[in-house]
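Novice: Give the three-dimensional model of this entry:
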Amino acid sequence: MKDGARSVQIGLLILVILIPLIVFRPSRDCFLLPKETFSQILILGILACWLINCIKKGKITLHYTPLNKPILAFILIGGLSLFFALSPYNGLRELRCLLSYGLIYLIVINNTGGPRHTDRLVVTMMFAGLLSSLYGILQYYGIDFFTWIEELGPRRKVISTHGNVQFLAGYLILLLPLAVGFLLSNVASAKRLFTGLAIIPIYICLIMTYSRGRG
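Specialist: Now for the predicted structure:
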């Protein structure tokens, strides 16, 4: 594997495991701010590695998937909605997030490196979800490694490394269909076993959030 492609794939692995788990307690916003900051830095770094690799090869090859046009249309609609936003600042912030998601999609479909790397990405995501859910379960029973702003009641106490019960639930619920699909695929038994075991605490922690979405 060439160094440029390998750098991109390593960056993706760092992205999927670091962003859900990272917190920075000295910050006023110790959850969302460090996640957004490091994700933007990592995405730009991964994009730079990909472009450098393309320059070395002398061409940029973009893979086509059925999702290309819907995702592009979604980003364009998001850009057009900026003209109707009540708050231009918040609109630009949301548009930046949409562009980041689009870049991640573009990078992933063009740099997965085959089924082996895809499996590694999924296992890494499940490992991050496992750590996050185990921490949330401990919080549910009153065990915490840090002192956060006091929250009353079990519904608001289970925040793990996400700082908000809704964010945690939203993250965990995305992992469940991914894990089920991975279990039904033709991958190594050890990877399926790990994923199957990881589903248990992830689902338990999701229930413990008592989350039904934003009200």
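Novice: Could you check the pLDDT of K2?
Specialist: Predicted confidence (pLDDT) at K2: the value is 60.
Novice: after the helix-or-strand element of the chain with minimal mean pLDDT comes which helix or strand?
Specialist: Across the helices and strands of the chain, mean confidence by mean pLDDT, DSSP states H and E is lowest for helix 154-157: a mean of 55. Going down the chain from helix 154-157, the next helix or strand is helix 165-184, by DSSP states H and E.
Novice: ok, and what's touching that next one?
Specialist: Here helix 165-184 makes contact (CB atoms under 8 Å, 6 or more residues apart in numbering) with 20, 31, 119, 122, 125-126, 129, 132-133, 136, 155-156, 158-160, 162, 191-192, 195-196, 198-199, 202-203, 205-206, 209-211, 213-214. All C-beta atoms are positioned from the backbone trio N, CA, C, and that covers glycine.
Novice: which residue packs closest to the spatially most central residue of the chain, ignoring adjacent ones?
Specialist: Within the chain, one residue has its C-alpha closest to the average C-alpha position: by CA atoms, centre = their mean, that is V16, at 5.2 Å. In this structure, V16 finds its nearest non-sequential neighbour in M125, 4.8 Å apart by CB to CB, 6 or more residues apart in numbering.
Novice: and the residue nearest to the centre of the chain, what does it touch?
Specialist: Contacts for V16 (CB under 8 Å, 6+ apart) come out as 121, 124-125, 128.
Novice: between those, which has the most around it?
Specialist: M125 (23 neighbours; other CB atoms under 10 Å).
Novice: Assign a three-state SS to P26, would you?
Specialist: Secondary structure, DSSP: H, G, I helix; E, B strand; the rest coil: P26 is coil.
Novice: ok so, going back, give me the secondary structure label for the residue nearest to the centre of the chain.
Specialist: Here V16 takes the helix state, with states given by three-state DSSP.
Novice: Now do the same for it: its pLDDT.
Specialist: On pLDDT, V16 comes in at 94.
Novice: Repeat that for the one 4 residues further on.
Specialist: With respect to pLDDT, P20 has a value of 94.
Novice: any idea of the angle the helix or strand containing it forms with helix 165-184?
Specialist: Assigned by DSSP H and E, P20 falls within helix 3-21. Angle, helix 3-21 to helix 165-184, by axes from the mean of the first three to the mean of the last three CA atoms, to 10 degrees: 130 degrees.
Novice: how about the strands in the chain?
Specialist: Here the chain has no strands by DSSP state E.
Novice: Show me the helices in it, by range?
Specialist: Along the chain, the segments classed as helices by DSSP state H run 3-21, 32-57, 68-81, 88-111, 115-140, 154-157, 165-184, 189-208.
Novice: Restricted to buried residues, select the contacts of helix 165-184 in PyMOL.
Specialist: The PyMOL selection below is limited to those of these classed as buried (16 or more other CB atoms under 10 Å):
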select buried, resi 20+31+119+122+125+126+129+132+133+136+158+159+160+162+191+192+195+198+199+202+203+205+206+209+211
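Novice: Understood, closing this out.
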